[in-house]
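Enquirer: Got a sequence here, can you build the structure:
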Amino acid sequence: MTRTLGGLVLCAALCLLAGCSTSDGYTVPDALCGVPVGSKALAPLLPDGEKLEQSAKALGAESSTCSVFVDKQQAVYLTDDVTDAGTDPVAVQRDALARMGNPQKAAVGDDARIADQGAIAVSACAYQGRPQKFVTLINLTSPHPVPKPTADRRRTLESFLRAYLPKALEAKGCRK
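Expert: The predicted model follows:
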């Protein structure tokens with residue numbers, strides 16, 4: 001093995017261990033629109049490309065959206081909401097989850113569904129002193145979502161939600 005090739009292999013291995021993207025163009029951030037999720041959880045959901053951009057929007061104190069663009073194409077769309085304790089967010093999002101493909105129950109938070117191109121996770125919490133529910137809905141919007149094999153993508157979505165949900169609850173001020 002040549003010295004240059006050995007160096008490239010070592011760099012690629014270190015990048016994978018650190019959780020950064022395997023693309024030549026961008027580094028996956030440790031925070032997703034301000035939520036410190038870690039690049040290792042986010043990287044597998046992002047396509048290769050040259051430039052990554054994030055766009056966060058607050059829709060009030062209790063709701064926000066986050067879009068991740070790779071090369072100006074939206075790859076991930078995520079919403080976080082605090083809702084009243086009597087609402088069933090999974091039932092409210094039933095049609096959206098069906099459009100994402102074959103939603104199946106998952107053991108994340110208090111209730112979750114993982115679909116082929118997205119997921120939802122719900123956790124009961126205390127928000128501003130009242131019992132509420134925190135809801136995260138993620139949709140992989142790229143025309144070619146990654147990872148490519150659907151079973152791998154579903155596992156990756158579940159891993160992402162496990163890493164993201166507790167950090168998003170904390171960022172929103174929603175206490176378990």
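Enquirer: buried ones in stretch 122-137?
Expert: Residues 122-123, 125, 127, 132-137 are the ones in stretch 122-137 that count as buried (16 or more other Cβ atoms under 10 Å). The C-beta positions use only the backbone N, C-alpha and C, and glycine is treated the same way.
Enquirer: and which of these is nearest to Val28?
Expert: Using Cβ to Cβ, Thr136 is the member of the buried residues of stretch 122-137 that lies nearest Val28, at 18.7 Å.
Enquirer: quick one: that closest one and Asp80 touch, right?
Expert: Yes. At 5.4 Å, Thr136 and Asp80 qualify as touching, with contact defined as Cβ atoms under 8 Å.
Enquirer: of the buried residues of stretch 122-137, closest to Thr27?
Expert: Thr136 (23.8 Å).
Enquirer: Skip the chain neighbours and tell me the closest residue to the closest one.
Expert: Sequence neighbours aside, Ala121 is the residue nearest to Thr136 in space, at 5.0 Å (criterion: Cβ to Cβ, 6 or more residues apart in numbering).
Enquirer: For the helix or strand containing that neighbour, give me every contacting residue.
Expert: Using DSSP states H and E, Ala121 sits within strand 118-127. Residues outside strand 118-127 that contact it (Cβ atoms under 8 Å, 6 or more residues apart in numbering): 62, 82, 85, 89-90, 93, 96-97, 100, 103, 106, 108-113, 131-140, 157-158, 160-161, 165, 169, 172-176.
Enquirer: can you rerun that using 6 Å?
Expert: Contacts with strand 118-127, where a contact means Cβ atoms under 6 Å, 6 or more residues apart in numbering, come from 82, 89, 93, 100, 108-113, 132-140, 157, 161, 165, 169, 174-176.
Enquirer: that older thread, what do Thr136 and Asp80 both touch?
Expert: Common contact partners of Thr136 and Asp80 (Cβ under 6 Å, 6+ apart): Ala168.
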